[in-house]
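> this one's sequence-less:
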DNA sequence: CCAAAAGTGTTCGTTGTACACCCATGT
DNA sequence: ACATGGGTGTACAACGAACACTTTTGG
């Protein structure tokens, strides 16, 4: 087979930023690295791209390996390629961004990888440029969740509006007006009233909704306005 | 030096999508490929990542090589890595997205690379997965230009509001209301009246504005609303 | 003086925001 | 009955969309 007359073939890594929501905080799935260099230190879950595998397939494999989940929300985020980002040898890393329903993960698999769910504000320092990757991912989450209905990917199949609100409050780290939030979300036409009521509550039981997946897929790329303007990345 | 016990090191390419605006149409800078395979066919401008170079530096080098321009608007777009995307050997390509002021480019350099500025609707079929890359880039241009003031990157230093409108009409391939457009753009606070008037016109001369670069940098990441809602990617 | 392009103004409906009030539940 | 949290309503300001009129310029 013809090969390009170029000498520098390099290692391609995949790193995955996996977000979850426990009802209170946004959490990151982090692992204690099991290879040198930096063995035992906290890092993102990652791996090397295989010869016979597409990038997204590689990301899916790595995420499945750690969480036991398939068919979740995964997006390519950005590729990090600074010359010395990995002290062992030159490695370019394609970073993926994933949102999962935290209840669904396989806790055995997570334990076997020495992984933990860690709140954003309690996250430890990470190896290499992984801190930068996480910063970018948080920025992306805030950006995208303001315009597109990705928040639902972090909630269980049935959820209440107050739960949804707590999620957005966690993402933007700010309180929201209950009444305006509720009206805005209901007006999206994405929520289907299941008729059931939540019974976790000690007081009035909230209505359980599910996502209208048809409309969700149809209108995903529309521009919504899930955040008050004052919360957008920069006030105008 | 320690190396990872992994066999598959692969070739990393950089491909650049370079947009310009000639006052009428959005144009792409495309080249006739000068190496095998697919020599002589139309493709994006690209190259291989060097051992000692960061990704963005590589992209800057390739764009400079073709256009003679530095310090232009460049963004990493997406990384393409399908196993068989390049028939010669496995190559993963990091795609960059660039906007330039078309008048400023070095036409000698462009000629030497067998490159041409080609209108979007007249673009030829491209090699490999480059058509897909271009589609993604157009989508990204439309998305981003609706929310952030990147349009200015395609205009000369001094420009008129009608010119700006023609640019947005070209990006979205749709007519816009002159009066609403003008008011909206003036209200951004990004335009500085230079006091000069355009003299290309055969009728009334339009005011020449320049970009308020201070405010531009400060507020770049804010969410604007440069397009009528009806033009957003999907109508709600 | 007329056509063509640039600039300014007005009206109206929709949306966002800041509020107040009522309802259901467990103690 | 009351505290806690869930659900609905209203009033006002801000913004976007549609549309009319005036001004400048070259022929």
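Received it, and whenever you're ready, just let me know what you need. Predicted model, so just to flag it, every value in this text is computed and none were measured.
> Could you give the number of residues near residue A:5?
Here the number of neighbours of residue A:5 (other CB atoms under 10 Å in any protein chain shown) works out to 7. Heads up, the C-betas are built off the backbone N, CA and C, glycines and all.
> swap that for residue A:216, sorry
Residue A:216 has 16 neighbours, counted by other CB under 10 Å.
> Let me see the confidence value for it.
Residue A:216 carries a pLDDT score of 96 in this model.
> what about the helix or strand it falls within, near DNA strand C?
Residue A:216 is part of helix A:213-219, with elements assigned from DSSP states H and E. No. Taking CB under 7 Å from any atom of the strand as the criterion, helix A:213-219 and DNA strand C are apart, separated by no less than 13.8 Å.
> Check whether residue A:167 really touches residue A:155, as I assumed.
Yes. Contact criterion CB atoms under 8 Å: residue A:167 and residue A:155 qualify, at 6.4 Å.
> Same question for the strand ranked longest in chain A: list its buried residues.
Counting residues, the longest strand in chain A under DSSP state E turns out to be strand A:11-21. Residues of strand A:11-21 classed as buried: A:11-21 (neighbour count, 16 or more other CB atoms under 10 Å in any protein chain shown).
> Show me which of those residues is closest to DNA strand D.
Closest to DNA strand D out of the buried residues of strand A:11-21 is residue A:21 (15.7 Å), distances taken as CB to the nearest atom of the strand.
> Name the nearest residue to that closest one, ignoring sequence neighbours.
Of all residues not flanking residue A:21 in the chain, residue A:154 sits nearest, at 4.1 Å (CB to CB, 6 or more residues apart in numbering or on different chains).
> My guess is residue A:133 contacts residue A:79. True?
No. Counting by CB under 8 Å, residue A:133 does not reach residue A:79; the two are 10.4 Å apart.
> what sits in contact with each of the two?
The contact sets of residue A:133 and residue A:79 overlap at A:93, A:95 (CB atoms under 8 Å, 6 or more residues apart in numbering or on different chains).
> need the contact list for the residue nearest to residue A:21.
So residue A:154 contacts A:19-21, A:26, A:99-102, A:167 (CB under 8 Å, 6+ apart).
> Tell me how far it lies from residue A:183.
Distance, residue A:154 to residue A:183, by CB to CB, to the nearest Å: 22 Å.
> Show me what counts as buried in stretch A:118-130.
A:120, A:126-130.
> err, stretch A:198-214, not the other one
Neighbour-count burial for stretch A:198-214 [16+ other CB under 10 Å]: A:206-212.
> so where's chain A shaky on pLDDT?
The model of chain A has pLDDT under 70 over residues A:1, A:229-236.
> Around DNA strand C, which positions in it sit nearby?
Going by CB under 7 Å from any atom of the strand, the residues of chain A near DNA strand C are A:177, A:179-180, A:183-184, A:187, A:197, A:199, A:202-205, A:225, A:228-230.
> Next step: those residues restricted to strands.
Short answer: the residues of chain A next to DNA strand C in strands (DSSP E) are residue A:197.
> Show me the residues of chain A next to DNA strand C that map onto helices.
A:179-180, A:183-184, A:187 (DSSP state H).
> what about the residue nearest to residue A:209 when sequence neighbours are not counted, neighbour count?
Take residue A:209 and drop its neighbours on the chain: the residue closest to it by CB to CB, 6+ apart is residue A:191, 4.3 Å away. Residues within reach of residue A:191, counting by other CB under 10 Å, total 19.
> any idea how far residue B:155 is from residue A:191?
Counting by CB to CB, the gap from residue A:191 to residue B:155 is 43 Å.
> one step back: can you list the helices and strands that the helix or strand following the longest strand of chain A packs against?
The element immediately downstream of strand A:11-21 (helix or strand, assigned by DSSP H and E) is strand A:26-32. With contacts taken as 3 or more CB pairs under 8 Å, 6 or more residues apart in numbering or on different chains; DSSP states H and E, strand A:26-32 sits against strand A:11-21, strand A:42-43, strand A:45-48, helix A:55-67, strand A:115-119.
> Please parse chain A into its domains.
According to automatic domain parsing, chain A comprises the domains A:11-147, A:150-231.
> Okay, buried residues for the longest helix that chain A contains please.
The helix that spans the most residues within chain A, counting by DSSP H, is helix A:130-147. Buried positions in helix A:130-147, judged by neighbour count with 16+ other CB under 10 Å: A:130, A:133-134, A:136-138, A:140-142, A:144-147.
> Residue A:11 - nearest residue in space that isn't next to it in sequence?
Nearest to residue A:11 is residue A:91, by CB to CB, 6+ apart, at 4.5 Å.
> And the one you found, how close does it get to residue A:182?
Using CB to CB, which is the criterion applied here, residue A:91 is 47 Å from residue A:182.
> neighbour count winner among these two?
residue A:91 (21 against 15).
> List the contacts of the more buried one.
A:10-13, A:85, B:4.
> and what of residue A:119?
Applying CB under 8 Å, 6+ apart, one finds that residue A:119 lies in contact with A:25-28.
> Looking at the residues you listed, state which has the most neighbours.
Using other CB under 10 Å as the neighbour test, the contacts of residue A:119 are led by residue A:28, with 23 neighbours.
> and that residue, what does it touch?
A:17-20, A:117-120, A:123, A:134.
> May I see the residues you listed organised as JSON lines, with distance to DNA strand D added?
Below are the contacts of residue A:28 laid out as JSON lines (distance: CB to the nearest atom of the strand, whole Å):
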{"residue": "A:17", "distance to DNA strand D": "29"}
{"residue": "A:18", "distance to DNA strand D": "27"}
{"residue": "A:19", "distance to DNA strand D": "23"}
{"residue": "A:20", "distance to DNA strand D": "21"}
{"residue": "A:117", "distance to DNA strand D": "23"}
{"residue": "A:118", "distance to DNA strand D": "26"}
{"residue": "A:119", "distance to DNA strand D": "21"}
{"residue": "A:120", "distance to DNA strand D": "23"}
{"residue": "A:123", "distance to DNA strand D": "28"}
{"residue": "A:134", "distance to DNA strand D": "30"}
